[in-house]
Each structure stands twice: as structure tokens, then as C-alpha cells.
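Undergrad: Give me coordinates for this.
(2 chains)
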Number of protein chains: 2
Amino acid sequence: MAETHDLAPVMLTVCTTCKRADVDPEGPRPGAVMLEALKEATLPEGVQLRGVECLSACTRGCSMVLSGGSERWTYVYGDMDPDTHVAEILDGIAAYAQTTDGLVPWRERPQSFRKQTVARIPPLKLPEA
Amino acid sequence: MAETHDLAPVMLTVCTTCKRADVDPEGPRPGAVMLEALKEATLPEGVQLRGVECLSACTRGCSMVLSGGSERWTYVYGDMDPDTHVAEILDGIAAYAQTTDGLVPWRERPQSFRKQTVARIPPLKLPEA
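TA: Numbering: from 1, shown residues only, chains lettered A, B, ... in the order given. Predicted structure coming up:
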């Protein structure tokens, strides 16, 4: 585990326009509800939070992106539920924020991070395969 | 349209381990085939190409990521077919490479870029929603 002060800041980007199939389409957008729930939580050190309109992962709402500087992998997660996943999200971003490369060991990832990855994007500096 | 020399380099990252449901699982990986097809093509100015093993979009192969510096949106595309999509991919990345923010007008996007977006990731500098 690296010292937190050596690490790039982490950004959690939550889609505020995401819907979920199990939620009344006339009610508040589940994505906006999830952003508010995370704003009310205590985020791990070094983690920032923002909302954006539409991550183009509309079939996988609620969706969010976890990124952290030029040396970490970026992760897109989907099918998140603001009613059940907030605690797991906080655990998952805390583990991510403690890595230099964004690669959290599999057994240390919360269930939703293991099962609900939409895509991951390598850092620009990764050597060519 | 911005002058190309003012723009950050663009990176096209192709998953080399992607499979496709319509391809013999014993044959070459469609992702690796797509990377080779793109290597043989003439890429637009300012565009680099690399392969990586697994973008964690395994249900959407072939998959790839289009990114371009700290001011552009990043796009993940899926369901690409090396037999039919290479020309469209070249058109799509050329249009992307000519933007400052990565946002290509809808009507200028090739069909596969319109229909097969897996996710998009905003630049870090985007104002909070």
C-alpha cells in the first residue's frame, strides 16, 4: 500500500441522468439520487466527487466512473443501486485510492465492483501489448 | 475545426483478447485481428494505436477506447467487427481527432459510433453538473 500523500487525487464521476428499470420514471432520477447519497457520505481521503449528465451507459444505470490521474486504470461501473450499493462503493473507492495503478486485488474488490464493470481504460503510459 | 497541430494526440486502444460470438473460439482472437487490421491502415494524423489485454468489456467484443488528452471526452465502443467496421473506425477517429473536446456532432459520427457506445468519460476539467 502506498502512502496516500504520494498518490494522484481520485475522481468519482456519477451520472446524474441515469434511470433504473425498477424505479418510477416520473420520480427523481436514480443517478441524481445516488450522487446525493454519496455527497452525504464521508468519502475516503483524496477522493473527489462530481456529477455529469450522461455517461452514455444508459442501459446500465446507475453508472459511474472511477479515475485517478495519469498512472491509474479508469473503471466504469454500472447497474448500481443507490439504495443498496453506497457502502460498497465507498469501500471500493477507498481500495482504489490506495493503489498507484488503480488495480485492486480481486478479493479486495466489493461484489458490485467485481460483477458490474462496464469497461476499464488503461493509463496512457501502459506499455504496448 | 481546430488546427491539428493545436490538438492533443489521440490514442486508439484496442482490446486484443476480445472474442465475438460469431467467430470460431479456436481461431485468432477477433480483438487481435482488429488491431492488426488497424495497424495495416493509414491512421489519421495525430492518432496513435496500441493493443491491451482486456478492457473488461468482454460481452461487447470487439471493444476499443478512443481518448485524447486532458480536455477531450473518452469513448468506449463495443460490438466492433474487424471484417466490416475498420473503414468506419478510421472515419470516426479522424472526426474525433479534429475536435478539441472529443464531442463529434451526431450526424458526423459513423453508424457504429452512434449505436455501439459502451460508455463515455468526461475530461477531468469539465465543470461540475
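Undergrad: When you work out contacts or count neighbours from here on, use the C-alpha atoms and nothing else.
TA: Fine.
Undergrad: how about the residues of chain A near chain B?
TA: Contact residues, chain A versus chain B (CA under 8 Å from any CA of the partner chain): A:50-53, A:55-57, A:65, A:76, A:117-122, A:128-129.
Undergrad: Run through the strands of chain A in chain order.
TA: A:10-15, A:47-52, A:64-67, A:74-77, A:117-121 (DSSP state E).
Undergrad: check contacts around residue A:41.
TA: By CA atoms under 8 Å, 6 or more residues apart in numbering or on different chains, no residues touch residue A:41.
Undergrad: for it, phi and psi?
TA: Dihedral pair for residue A:41: phi -80, psi 170, per degrees, to the nearest 10.
Undergrad: all helices for chain A, in order.
TA: A:30-40, A:86-97, A:111-115 (DSSP state H).
Undergrad: ok, now how distant is residue A:99 from residue A:105?
TA: 10 Å (CA to CA, to the nearest Å).
Undergrad: any weak-confidence spans in chain A?
TA: Where chain A drops to pLDDT under 70, the residues are A:1-5, A:127-129.
Undergrad: Using CSV, lay out the helices of chain A together with mean neighbour count.
TA: Converted to CSV, those look like this (neighbours: other CA atoms under 10 Å in any protein chain shown):
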stretch, mean neighbour count
helix A:30-40, 19
helix A:86-97, 20
helix A:111-115, 15
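Undergrad: okay, those helices in JSON lines with distance to residue B:35 next?
TA: Shown next, in JSON lines, are the helices of chain A (distance: least, CA to CA, whole Å):
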{"stretch": "helix A:30-40", "distance to residue B:35": "35"}
{"stretch": "helix A:86-97", "distance to residue B:35": "30"}
{"stretch": "helix A:111-115", "distance to residue B:35": "27"}
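Undergrad: of all those helices, which lies closest to residue B:113?
TA: Taking CA to CA, helix A:30-40 is the member of the helices of chain A nearest to residue B:113, at 24.1 Å.
Undergrad: In terms of secondary structure, what does the closest one contact?
TA: The helices and strands touching helix A:30-40, judged by 3 or more CA pairs under 8 Å, 6 or more residues apart in numbering or on different chains; DSSP states H and E, are strand A:10-15, strand A:47-52, helix A:86-97.
Undergrad: can you give me the angle it makes with strand A:10-15?
TA: Angle of helix A:30-40 versus strand A:10-15, following axes from the mean of the first three to the mean of the last three CA atoms, to 10 degrees, is 150 degrees.
Undergrad: Run through who's touching helix A:30-40.
TA: Here helix A:30-40 makes contact (CA under 8 Å, 6+ apart) with A:14-20, A:23, A:49-51, A:61-63, A:81-82, A:86.
Undergrad: one more time with 6 Å, if that's ok
TA: Identification of contacts with helix A:30-40 by CA atoms under 6 Å, 6 or more residues apart in numbering or on different chains yields A:15, A:16, A:17, A:18, A:19, A:62, A:82.
Undergrad: Tell me if I'm right that the second one and residue A:56 touch.
TA: No - counting by CA atoms under 6 Å, no contact exists between residue A:16 and residue A:56, whose distance comes to 11.5 Å.
Undergrad: Between those two, which is the more surrounded one?
TA: Looking at residue A:16 and residue A:56 with other CA atoms under 10 Å in any protein chain shown, you find the greater number of neighbours at residue A:16, namely 26 against 20.
Undergrad: thinking again about what came up before, who has more neighbours out of residue A:99 and residue A:105?
TA: Using other CA under 10 Å, the more surrounded residue of residue A:99 and residue A:105 is residue A:99, with 20 against 10.
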